[in-house]
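S.K.: Using only what follows, build the 3D model:
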Amino acid sequence: MKHTITILTAILLASLANLHAIESSTKANVNGAEQAHAELWNRFVDQHGIIRDYVGDLPTPEDCALGKPNAIGWWSPIEDGPMFTGLYLPAVCERARRTGNAVDKEDARRLARGLMKCASVSDVPGMIVRGVGTDGRCHYPLGSDDQTHPWFYGLHAYAMCDLPSVEERREIVAKMKVVADVLESTGWLCPCDGAFKGQFRGGFRGHLFRDAARYLFMLRAMHELTGDPVWLYRYSKAQAEHPEHSDKSRAEICAQGYAFDREAIQHIDDFQLWIYVGSQASLAKLASMETDETLRSHYRAGLALNARNALVSLDAYKTFDNNDAKVFGNADWRAVFTTWFPQPTQADAEKLSKTGDNAKRGERKYYEQRFMQNPLAAAAIVALEGDSTRRAVIEQALNHYDYTKLHMATFFFAECAAYAMPPAGAK
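M.R.: The predicted model follows:
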């Protein structure tokens, strides 16, 4: 009897070991970017082609007019529509180029239409709204530079590829020119609408690295799109200028990378790399468009420094537990943010945004931001430098996550990283 039990135990242990080996092999063969792609399109891309922050109740026209949960739209499902969509669209354009698949091509067109919508529903020319609510038009009155630059970045990539028709490209470039002309007239400050019409939120002519990289890219991109020499003149002038409070030119600031901003923007390496993916992407585009070797060397230096720094932050993906069960209470934002008061000023809106029931909010959003969003943003920053020797470490991070269990759409950075790298085996 004991001999039989011993044999059965041995068989059971061998079977369990075999199952574990199969599971490990399956995990190793998971294509994280493909799983991320499926989940993003199944859950987060809305009917207009705009990426929502998370799956949750959409704000109504009344919510947007009153400023609920706040007039900035922070913590709502439509907080970062053009930012996410604009950063993601170039990856989908590259995916469509590689696959030639009709579905991928239509996905890119849909995202481009979403970005065009974000520039078409405000009665204030040049305003890029954060997203749209239940009626497909309502939006919060405060936009930002974080939404506006990716709008340019995404549409530039789409307009420069072979996907749009001649007419579609003409419409996109015309809209981009309208927005760029408005920004030029405001000193590159981003306009607001509604109760904040005549005011601005964020701009691009500051002295930080992210200011310089984004501003120079938009100027250079507008020249590439329009062929108008005035944009090249503005770009040439801007790269040599010293922004206020800086003893360096914008091109020199670009060479210092995002580490230059650490004093002004806290916790970049642990939480804020998501707002630097667009800056790294801008440097990559500037380096590819620039013919002056001195300027190009500044952009390449910034790219390399950013990639080196981001590699350290990338490692945090190993801390993420796919079986973590923390509460993602943000999905029920109406229950979390029950405090409301009128917000006649932007400061009032920011004050209101700091309220909320922490118990109902839970800890899951923070967990995903720290150990998913930031590492995947780091992966994109590393990939955008273009060093193929880092493919293995990037893919390890991308393949770590079970994307079916994630609540925040920021895992789209996985595809940004995947399609910033050349195809495996490419020379």
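S.K.: okay, CA-based contacts and neighbour counts for the rest of this
M.R.: Fine.
S.K.: which stretches of the stretch 51-200 of the chain form strands?
M.R.: Per DSSP state E, counting those that start in this stretch, the stretch 51-200 of the chain carries strands over the ranges 189-191, 200-203.
S.K.: Tabulate the ones you listed (JSON lines), appending mean pLDDT and distance to residue 164.
M.R.: Formatted as JSON lines, those follow (pLDDT from 0 to 100; distance: least, Cα to Cα, whole Å):
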{"stretch": "strand 189-191", "mean pLDDT": "98", "distance to residue 164": "27"}
{"stretch": "strand 200-203", "mean pLDDT": "98", "distance to residue 164": "29"}
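S.K.: So which of the ones you listed is nearest residue 338?
M.R.: Closest to residue 338 of the strands of the stretch 51-200 of the chain, according to Cα to Cα: strand 200-203, at 25.3 Å.
S.K.: and that closest one, which strands flank it?
M.R.: Strand pairing for strand 200-203, using DSSP bridges, gives strand 189-191 (antiparallel).
S.K.: from the middle of its chain, how far away would the strand or helix carrying residue 251 be?
M.R.: Using DSSP states H and E, residue 251 sits within helix 250-256. Distance of helix 250-256 from the chain centroid (Cα atoms, centre = their mean, to the nearest Å) equals 22 Å.
S.K.: begin at 35 from here
M.R.: Taking 35 as the first residue, the last one we looked at is helix 284-290.
S.K.: Specify the next element, helix or strand, located C-terminal of the helix or strand residue 328 falls within.
M.R.: Secondary structure from DSSP H and E places residue 328 in helix 327-348. Downstream of helix 327-348, the first helix or strand assigned by DSSP H and E is helix 367-370.
S.K.: Now do the buried residues in that next one.
M.R.: 367, 368, 370 (16 or more other Cα atoms under 10 Å).
S.K.: Now residue 344. Nearest residue, chain neighbours left out?
M.R.: Leaving aside its sequence neighbours, residue 344 sits nearest to residue 412 (Cα to Cα, 6 or more residues apart in numbering; 4.9 Å).
S.K.: Revised request: answer the last question for residue 85.
M.R.: Nearest non-adjacent residue to residue 85 (Cα to Cα, 6+ apart): residue 79, at 4.4 Å.
S.K.: ok, that neighbour touching residue 87?
M.R.: No - look at residue 79 against residue 87 with Cα atoms under 8 Å: they stay out of range, at 9.4 Å.
S.K.: What is the neighbour count of residue 453?
M.R.: Neighbour count of residue 453, defined by other Cα atoms under 10 Å: 22.
S.K.: Give me the nearest residue to it, chain neighbours excluded.
M.R.: Using Cα to Cα, 6+ apart, the nearest residue to residue 453 is residue 125, at 5.4 Å.
S.K.: For residue 93, see how far away the one you found is.
M.R.: 29 Å (Cα to Cα, to the nearest Å).
S.K.: Kindly report the same for residue 252.
M.R.: 31 Å.
S.K.: mind checking which helix or strand the residue lying closest to residue 122 once chain neighbours are set aside is in?
M.R.: For residue 122, ignoring the flanking residues on the chain, the nearest one in space by Cα to Cα, 6+ apart is residue 450 at 6.2 Å. Following DSSP H and E, one finds residue 450 within helix 447-454.
S.K.: Could you give the separation of that helix from the chain centroid?
M.R.: 11 Å.
S.K.: same question, stretch 284-302
M.R.: With Cα atoms, centre = their mean, you get 18 Å for stretch 284-302.
S.K.: Pull out the buried positions in that stretch.
M.R.: For stretch 284-302, by 16+ other Cα under 10 Å, it's 284-295, 302.
S.K.: now do stretch 184-194
M.R.: 184, 185, 186, 187, 188, 189, 190, 191, 192, 193.
S.K.: try stretch 391-402
M.R.: Quick answer for stretch 391-402 (16+ other Cα under 10 Å): 394, 395, 396, 397, 398, 399, 401, 402.
S.K.: could those residues go into TSV alongside distance to residue 244 and pLDDT?
M.R.: Putting the buried residues of stretch 391-402 into TSV (distance: Cα to Cα, whole Å; pLDDT from 0 to 100) gives the following:
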residue	distance to residue 244	pLDDT
394	34	97
395	31	97
396	31	98
397	29	98
398	28	98
399	25	98
401	25	98
402	24	98
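S.K.: Pick out whichever of those sits closest to residue 235.
M.R.: residue 399 (25.2 Å).
S.K.: Got the phi and psi for the closest one?
M.R.: Here the main-chain torsion angles of residue 399 (degrees, to the nearest 10) amount to phi -60, psi -50.
S.K.: Return the distance of the nearest residue to it once chain neighbours are set aside relative to residue 288.
M.R.: Leaving aside its sequence neighbours, residue 399 sits nearest to residue 362 (Cα to Cα, 6+ apart; 6.0 Å). Residue 362 is 37 Å from residue 288, where distance means Cα to Cα.
S.K.: Repeat that for residue 405.
M.R.: For residue 405, the distance to residue 288 - Cα to Cα - is 27 Å.
S.K.: same thing with residue 248?
M.R.: In this view, residue 248 and residue 288 are 10 Å apart by Cα to Cα.
S.K.: before we move on, what about residue 116?
M.R.: Here residue 116 is placed at a distance of 24 Å from residue 288 (Cα to Cα).
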